[in-house]
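K.L.:
kindly generate the corresponding structure for this input.
(chains A and B)
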There are 2 protein chains.
Amino acid sequence: MKKEKGQLIVLSGPSGVGKSTVIAELLGQRPDIYFSVSYTTRQPRVGEQDGVNYNFVDRAEFERMIAAQELLEYAEYVNNYYGTSLKVIREKLAAGIDVLLDIEVQGAAKVKDQCPDALSIFIIPPSFEELSRRLHGRNTDSEEVISGRLEKARIEFREIPNYDYLVINDKVSNAVYEIESILTAAQCRVENRSGMLSQFI
Amino acid sequence: MKKEKGQLIVLSGPSGVGKSTVIAELLGQRPDIYFSVSYTTRQPRVGEQDGVNYNFVDRAEFERMIAAQELLEYAEYVNNYYGTSLKVIREKLAAGIDVLLDIEVQGAAKVKDQCPDALSIFIIPPSFEELSRRLHGRNTDSEEVISGRLEKARIEFREIPNYDYLVINDKVSNAVYEIESILTAAQCRVENRSGMLSQFI
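P.N.:
The predicted structure is shown next:
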């Protein structure tokens, strides 16, 4: 079924919730979705690739993008910039392609302001204790960094009521199933099927 | 995942669109959904069972139910009454059970007025010509009755913009997949997961 316009999807969730795994699985099942790779000034983690996980840039370049208004949104988070480029997203949506953004709560709020039709989804762990376990199990961060991430998670959770959907990542396949359902349902909304409707009324 | 409250689902669609088949398939895959059997004064069609497809009653009994305010909604359609009993629906929703109503457009509008949280879904055929083919293929109605149903369908289609979702029954499995996605997405809405959310904020 040809899409009438692309759907902008905003995905947020605390560090350690398993968002990257959920996104990888989702994109595997829905290769038609364009994943917008964010820009960041933070250092790559082990295994992360430039242009795949993030576009890694330095502060000078990021601040140039801010000044040139090339960003849909950006935010500073644990002393690093994170931001989303606008141009490609616009082109994809206009071509009927769904665009997935992985952004933290400040950025998500800005996107929702500018694009009220965006679907916003927050991914939570089954429990706070499980989030702590996952962060420790990752073995990539110091205890201090982990504490900072857990503290940040508590602050982020307060923004959940501003999101449209809440998905629990108890099991990756469940989380992906819920997100796919959310996307399919959005496509079925009457206002997104006006072309199809026009032959009947 | 334990539901916090039941979801009321309103399903409409013109005669001949294949709604009964879609509902049967949906209930087969989602036996947890309670299908609210409507009351009607029309004659059973070949193969229809009292208490399964409809509760078949005479006009005197239906008018008694109207007077006793036992109905959530009712409407007259092609010279017959159709209506929905209120009591059972209330009990099921309170117990966290989803309730599916198969009602025509007038009744659906009344339910939406009384229960704004209800999900309303309209099922359309792939084309008007296909609807005509399906009605003729059914071999249960005279040409005059079929003409009346097609005319009625045109009038019903005008109400689609008042529905939340539009599902195309090109293939029963596709229609059921879309409806299941709509139900899963509704369950993921932040306001429907407040119990889960309460442990995080």
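K.L.:
quick check: beta-bridge partners of residue A:119?
P.N.:
Counting by DSSP bridges, residue A:119 is bridged to residue A:9.
K.L.:
what is the burial count for it?
P.N.:
22 (other Cβ atoms under 10 Å in any protein chain shown). Backbone N, C-alpha and C define where each C-beta goes, glycine included.
K.L.:
strands along chain A, start to end?
P.N.:
A:8-12, A:34-36, A:39-40, A:55-56, A:71-77, A:80-85, A:99-102, A:119-124, A:165-168 (DSSP state E).
K.L.:
next, format the ones you listed as JSON lines and append mean pLDDT.
P.N.:
What follows is these, written out as JSON lines (pLDDT from 0 to 100):
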{"stretch": "strand A:8-12", "mean pLDDT": "96"}
{"stretch": "strand A:34-36", "mean pLDDT": "94"}
{"stretch": "strand A:39-40", "mean pLDDT": "94"}
{"stretch": "strand A:55-56", "mean pLDDT": "96"}
{"stretch": "strand A:71-77", "mean pLDDT": "88"}
{"stretch": "strand A:80-85", "mean pLDDT": "92"}
{"stretch": "strand A:99-102", "mean pLDDT": "94"}
{"stretch": "strand A:119-124", "mean pLDDT": "97"}
{"stretch": "strand A:165-168", "mean pLDDT": "97"}
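K.L.:
up against chain B, what does chain A have?
P.N.:
The interface of chain A toward chain B, taken as Cβ under 8 Å from any Cβ of the partner chain, is made up of A:1, A:121-122, A:124, A:127-128, A:157-158, A:160-161, A:163-168, A:177-178, A:180-182, A:184-186, A:188-190, A:193, A:196-197, A:199-201.
K.L.:
for residue B:111, find the nearest of the strands of chain A.
P.N.:
Residue B:111 lies closest, by Cβ to Cβ, to one member of the strands of chain A: strand A:165-168, at 24.4 Å.
K.L.:
the closest one - contacts with which helices or strands?
P.N.:
strand A:119-124, helix A:172-188, helix B:172-188, helix B:194-197 (3 or more Cβ pairs under 8 Å, 6 or more residues apart in numbering or on different chains; DSSP states H and E).
K.L.:
among the ones you listed, which gets the worst mean confidence?
P.N.:
Among the helices and strands packed on strand A:165-168, helix B:194-197 carries the lowest mean pLDDT, at a mean of 87.
K.L.:
list the buried residues in that one.
P.N.:
By 16 or more other Cβ atoms under 10 Å in any protein chain shown, the buried positions in helix B:194-197 come out as B:196, B:197.
K.L.:
pairing partners for the spatially most central residue of chain A in the sheet, please.
P.N.:
With distances taken as Cα atoms, centre = their mean, the residue of chain A nearest its centroid is residue A:102 (1.9 Å). Taking DSSP bridges, one finds residue A:11 as the beta-bridge partners of residue A:102.
K.L.:
next one: residue A:73
P.N.:
Beta-bridge partners recorded for residue A:73 (DSSP bridges): residue A:84.
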